[in-house]
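**Student:** build the 3D model from these lines:
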Amino acid sequence: MTRVTTFTDDYAAEFNEAVAAHDFSGLLTRFTDDAVLRFENVPPAGASLEFAGRPAFRSAETHGARQPDQPDGRHLRLAGSQLARRGQ
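**Tutor:** Numbers count the residues shown, from 1 in each chain. I've put the predicted structure just below:
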């Protein structure tokens, strides 16, 4: 397994655990204070979202938190990754 594959599989697993626990504090330690996180082609309209720095990431997760009666569709699945092959 390459370093990139290992990183992406580990990141996806940690992200999915954070979604399930509604706690992104551990995941945020992966980023520097000046990191930029950009999402492309976000449904439903194919928009782009960009967050700069940990405070913006934390705010995005707080505002994006689902209500208890709504399903959470934010889990990551990586095609061709070890996680996908294990069904996670």
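**Student:** on the three-state scheme, Glu50 is what?
**Tutor:** For Glu50, the assignment made with DSSP: H, G, I helix; E, B strand; the rest coil gives strand.
**Student:** which residues touch it?
**Tutor:** Glu50 makes contact with Val36, Leu37, Arg38, Phe39, according to CB atoms under 8 Å, 6 or more residues apart in numbering. Quick note: C-beta positions are derived from backbone N, CA and C, even for glycine.
**Student:** so where's the chain shaky on pLDDT?
**Tutor:** Counting by pLDDT under 70, the ranges of the chain that qualify are 1, 62-74, 79-88.
**Student:** can I get the CA coordinates of the longest helix along it in PDB?
**Tutor:** Across the chain, the longest stretch assigned as helix under DSSP state H is helix 3-21. What follows is helix 3-21, C-alpha atoms only, in PDB (Å, rounded to 0.1, in the frame of the first residue of the first chain):
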ATOM      1  CA  ARG A   3       1.700   6.300   1.600                       C
ATOM      2  CA  VAL A   4      -1.100   8.200  -0.200                       C
ATOM      3  CA  THR A   5      -3.400   5.200  -0.100                       C
ATOM      4  CA  THR A   6      -2.600   4.700   3.600                       C
ATOM      5  CA  PHE A   7      -3.200   8.300   4.400                       C
ATOM      6  CA  THR A   8      -6.600   8.500   2.500                       C
ATOM      7  CA  ASP A   9      -7.800   5.300   4.000                       C
ATOM      8  CA  ASP A  10      -6.800   6.400   7.500                       C
ATOM      9  CA  TYR A  11      -8.400   9.800   7.000                       C
ATOM     10  CA  ALA A  12     -11.700   8.400   5.700                       C
ATOM     11  CA  ALA A  13     -11.900   6.000   8.600                       C
ATOM     12  CA  GLU A  14     -11.200   8.700  11.100                       C
ATOM     13  CA  PHE A  15     -13.700  11.100   9.400                       C
ATOM     14  CA  ASN A  16     -16.400   8.400   9.500                       C
ATOM     15  CA  GLU A  17     -15.700   7.700  13.200                       C
ATOM     16  CA  ALA A  18     -15.900  11.500  13.900                       C
ATOM     17  CA  VAL A  19     -19.300  11.700  12.000                       C
ATOM     18  CA  ALA A  20     -20.600   8.800  14.000                       C
ATOM     19  CA  ALA A  21     -19.400  10.300  17.300                       C
END
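**Student:** fine by me, we can end here.
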